[in-house]
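K.L.:
structure here, sequence nowhere to be found:
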């Protein structure tokens, strides 16, 4: 666990209009575990790019190391992007410049997506890392901040997560072994920090990311109440058998005994797809996600009725004035009758 809460970055110190090297920040597009993504423009060429400005000075060594190891863009793939530039802010926080790919940060889109779609992204991540392995690259760290979604909801990975597996990997003295704060919570404890992950360690790391996408938090963290409501609501909306099976899978991918985990990312992807096929209680669309939200969102209490002021009650009038008036009228009538008879 990192000393700094990796998933609670402070408010951005940068503002629109700030200049980082030759890049001028235009607008912030999202907050992620490591910091904040910005839309930026090159001050000379006018070219646009994405800039991730990290929130913590402690990330500087790891970011500089990853950028150096990514030099030369060792593998070209449509859903993989390599850094264009990097540097440090005036207060020593690192920033990295990425190509202006279409889409948005994965962590911004996750609460709005269905559980089926979120698990589909995990499968895509497994497939992307398997293709990278065939190209001679290995996962060295997984920072959720470096995962994006394309316009067709396809997963995209920024290349700081990958490193060459051969002897050409750069070793930069004291920087060797450093990883970003946000990646430390997903790292397999049995693997050497900052070294390419073996198959068991990759399953552990991707499994940790799976837990974050499924229930809105890291498996080892307890602050489940901080998870977005749509994420938790779909988890609770599952049928008990489906939820139990998925819970067991989430436990196995992070098991302390590597032999208890799925043997590879290919096996993990297959188990996820099997669960999706077998689960009948899954909120499989965004509309279903919104419907499931009612499970955990307490209805807003109706406003308390406003007490109306009591109707004015007319005071009860005494009856004696009417009795006296009636008596006078009767007396006058009798007197008149007597006078007529005497005449």
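P.N.:
Yep, it's here. If you're wondering where the values come from, they're calculated on a predicted model, not measured in any experiment.
K.L.:
quick one, helices of the stretch 51-200 of the chain?
P.N.:
60-69, 106-109, 115-134, 181-184, 199-215 (DSSP state H, counting those that start in this stretch).
K.L.:
what comes up buried for the third one?
P.N.:
Applying a neighbour-count criterion of 16 or more other CB atoms under 10 Å, one finds 115-126, 128-129, 132-133 buried in helix 115-134. All C-beta spots, glycine's among them, are computed from the backbone N, C-alpha and C.
K.L.:
repeat that for the first one.
P.N.:
Within helix 60-69, the residues that count as buried by 16+ other CB under 10 Å are 60, 61, 62, 63, 64, 65, 66, 67, 69.
K.L.:
kindly list the longest strand within the protein.
P.N.:
strand 23-32 (DSSP state E).
K.L.:
just want the angle from the next helix or strand along the chain from it to strand 23-32.
P.N.:
Along the chain past strand 23-32, the next helix or strand (assigned with DSSP states H and E) turns out to be strand 35-42. With axes from the mean of the first three to the mean of the last three CA atoms, to 10 degrees defining the directions, strand 35-42 sits at 150 degrees from strand 23-32.
K.L.:
and strand 35-42, average pLDDT?
P.N.:
Strand 35-42 shows a mean pLDDT of 96.
K.L.:
what's that strand in contact with?
P.N.:
Here strand 35-42 makes contact (CB atoms under 8 Å, 6 or more residues apart in numbering) with 9, 12, 14, 20, 22-31, 47-56, 93, 97, 105, 145.
K.L.:
buried only: go through those residues for me.
P.N.:
Buried among these by 16+ other CB under 10 Å: 9, 12, 14, 20, 23-25, 28, 30-31, 49-56, 93, 97, 105, 145.
K.L.:
the residue lying closest to residue 102 once chain neighbours are set aside: neighbour count?
P.N.:
Nearest non-adjacent residue to residue 102, counting by CB to CB, 6 or more residues apart in numbering: residue 151, 4.9 Å away. Using other CB atoms under 10 Å, residue 151 is surrounded by 9 other residues.
K.L.:
show me where the chain has its strands.
P.N.:
Under DSSP E, the chain gives strands at 19-20, 23-32, 35-42, 48-54, 80-81, 85-88, 94-98, 104-105, 137-139, 147-149, 155-158, 162-164.
K.L.:
so can I have JSON lines of these showing distance to residue 181?
P.N.:
JSON lines is the format used below for the strands of the chain (distance: least, CB to CB, whole Å):
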{"stretch": "strand 19-20", "distance to residue 181": "20"}
{"stretch": "strand 23-32", "distance to residue 181": "12"}
{"stretch": "strand 35-42", "distance to residue 181": "10"}
{"stretch": "strand 48-54", "distance to residue 181": "9"}
{"stretch": "strand 80-81", "distance to residue 181": "22"}
{"stretch": "strand 85-88", "distance to residue 181": "16"}
{"stretch": "strand 94-98", "distance to residue 181": "11"}
{"stretch": "strand 104-105", "distance to residue 181": "17"}
{"stretch": "strand 137-139", "distance to residue 181": "17"}
{"stretch": "strand 147-149", "distance to residue 181": "16"}
{"stretch": "strand 155-158", "distance to residue 181": "17"}
{"stretch": "strand 162-164", "distance to residue 181": "18"}
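K.L.:
what sits against the nearest residue to residue 132 once chain neighbours are set aside?
P.N.:
In space, and not counting its chain neighbours, residue 132 is closest to residue 162: 5.5 Å by CB to CB, 6+ apart. Contacts for residue 162 (CB under 8 Å, 6+ apart) come out as 70, 75, 80, 132, 137, 138, 139, 140.
K.L.:
now do residue 57
P.N.:
Applying CB under 8 Å, 6+ apart, the residues near residue 57 are 91, 92, 93.
K.L.:
at 6 Å what do you get?
P.N.:
Residues near residue 57 by CB atoms under 6 Å, 6 or more residues apart in numbering: 92, 93.
K.L.:
gap between residue 39 and residue 46?
P.N.:
Noted for residue 39: a distance of 13 Å to residue 46, by CB to CB, to the nearest Å.
K.L.:
same thing with residue 256?
P.N.:
In terms of CB to CB, residue 256 sits 52 Å off from residue 46.
K.L.:
over to the closest residue to residue 255 other than its chain neighbours: give its phi and psi.
P.N.:
Excluding its sequence neighbours, the residue lying closest to residue 255 (CB to CB, 6+ apart) is residue 261, at 5.4 Å. When read as degrees, to the nearest 10, the backbone of residue 261 gives phi -80, psi 160.
K.L.:
residue 261 and residue 251 touch, don't they?
P.N.:
No - taking contacts as CB atoms under 6 Å, residue 261 lies outside contact range of residue 251: 9.9 Å.
K.L.:
more neighbours: which of the two?
P.N.:
With neighbours defined as other CB under 10 Å, residue 261 and residue 251 compare such that residue 261 has more, 23 against 14.
K.L.:
show me the contacts for that one.
P.N.:
Counted by CB under 6 Å, 6+ apart, residue 261 has contacts 200, 203, 252, 253, 255.
K.L.:
let's go with 8 Å and repeat that
P.N.:
200, 203, 204, 207, 252, 253, 254, 255.
K.L.:
pLDDT score assigned to it?
P.N.:
96.
K.L.:
residue 200 versus that one, what's the distance?
P.N.:
Applying CB to CB to residue 261 and residue 200 gives a distance of 6 Å.
K.L.:
more neighbours: which of residue 39 and residue 46?
P.N.:
Each of residue 39 and residue 46 has its neighbours counted (other CB under 10 Å); residue 39 has more, 15 against 7.
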